[in-house]
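K.L.:
everything below, folded, please.
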Amino acid sequence: MTDYQELLQAARAHYGVGAAPRVSEAAALLTSLGGKTFDYSRFAGNLIDEYVDSARVVAAYDISDPELLASRSLPVEREMMEWPPEEDEDSYDVVFTKDEELWNVIQDELGGMRRAIVLLEHAEGDAGAVGNFRVAGFAQWLRETLWAATGVVPRDPGWPDESATLYEKAFAMQGRPGCEPDPID
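P.N.:
Here you go, the predicted model:
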């Protein structure tokens, strides 16, 4: 067993997940966490960024469970936002298309710890294996859980705190000490 395999074994025990290196297995894990398939194509322009290879995205999941997301959030995430969120009393005199209006709601939920969206990419040369994933929203626990399950160190590390020692070791083993991001050139 390699050092990385030993690290993954320890991480899977720590995060309470089994191995899920295949897209179908990662999808089943996300479903078990309350994820529902999400038609990201309507919002690809909002979700695809320097950490996502749009040609490899094979699935998207939406977790809209504020209690779950808040209960697993890290203190650093709660500090980055106001928690619990205050009601937005602002009103705007702007006309939005239906998609723009819906994206504004989604964006508010992502930023308010009420929703997380996960994009799964297939691996280069193996359409059935997970090659990367991107978590939008305050859900560092989900990034780390997906890393442990898939074994894939994501391009976007998120905001790990000092408790993420296993996660940090994985980045270091991939030549990215300090959980360095790895955007697509």
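
K.L.:
drop to CA atoms for contacts and neighbour counts, all remaining ones
P.N.:
Will do.

K.L.:
need phi/psi at the most centrally placed residue in the chain.
P.N.:
The chain has Val135 as the residue nearest its centroid, 1.9 Å off, counting by Cα atoms, centre = their mean. Main-chain torsions, Val135, degrees, to the nearest 10: phi -110, psi 120.

K.L.:
gap between it and Gly111?
P.N.:
Plainly put, Val135 is 12 Å away from Gly111 if you go by Cα to Cα, to the nearest Å.

K.L.:
where does the protein dip in pLDDT?
P.N.:
Within the chain, the stretches falling below the threshold (pLDDT under 70) are 81-95.

K.L.:
wait, isn't Ile63 in contact with Ala116?
P.N.:
Yes - the pair Ile63 and Ala116 qualifies as a contact (Cα atoms under 8 Å) at a distance of 5.2 Å.

K.L.:
pretty sure Tyr40 contacts Ala60?
P.N.:
Yes - judged on Cα under 8 Å, Tyr40 makes contact with Ala60 at a distance of 6.4 Å.

K.L.:
between those two, point out the one with more neighbours.
P.N.:
Between Tyr40 and Ala60, Ala60 has the larger neighbour count (other Cα atoms under 10 Å), namely 22 against 19.

K.L.:
state whether that one is indeed within a helix.
P.N.:
No - with DSSP: H, G, I helix; E, B strand; the rest coil as the criterion, Ala60 is located in strand rather than a helix.

K.L.:
ok, and the closest non-adjacent residue to it?
P.N.:
If the residues on either side of it in the chain are set aside, Ala60 comes closest to Leu119, at 4.5 Å by Cα to Cα, 6 or more residues apart in numbering.

K.L.:
on that earlier part again, so what sits against both of Val135 and Gly111?
P.N.:
Common neighbours of Val135 and Gly111 (criterion: Cα atoms under 8 Å, 6 or more residues apart in numbering): none identified.

K.L.:
now do the strands in this structure.
P.N.:
Under the criterion DSSP state E, the chain carries strands at the ranges 36-37, 57-63, 116-123, 126-136.

K.L.:
sweet, I'm off.
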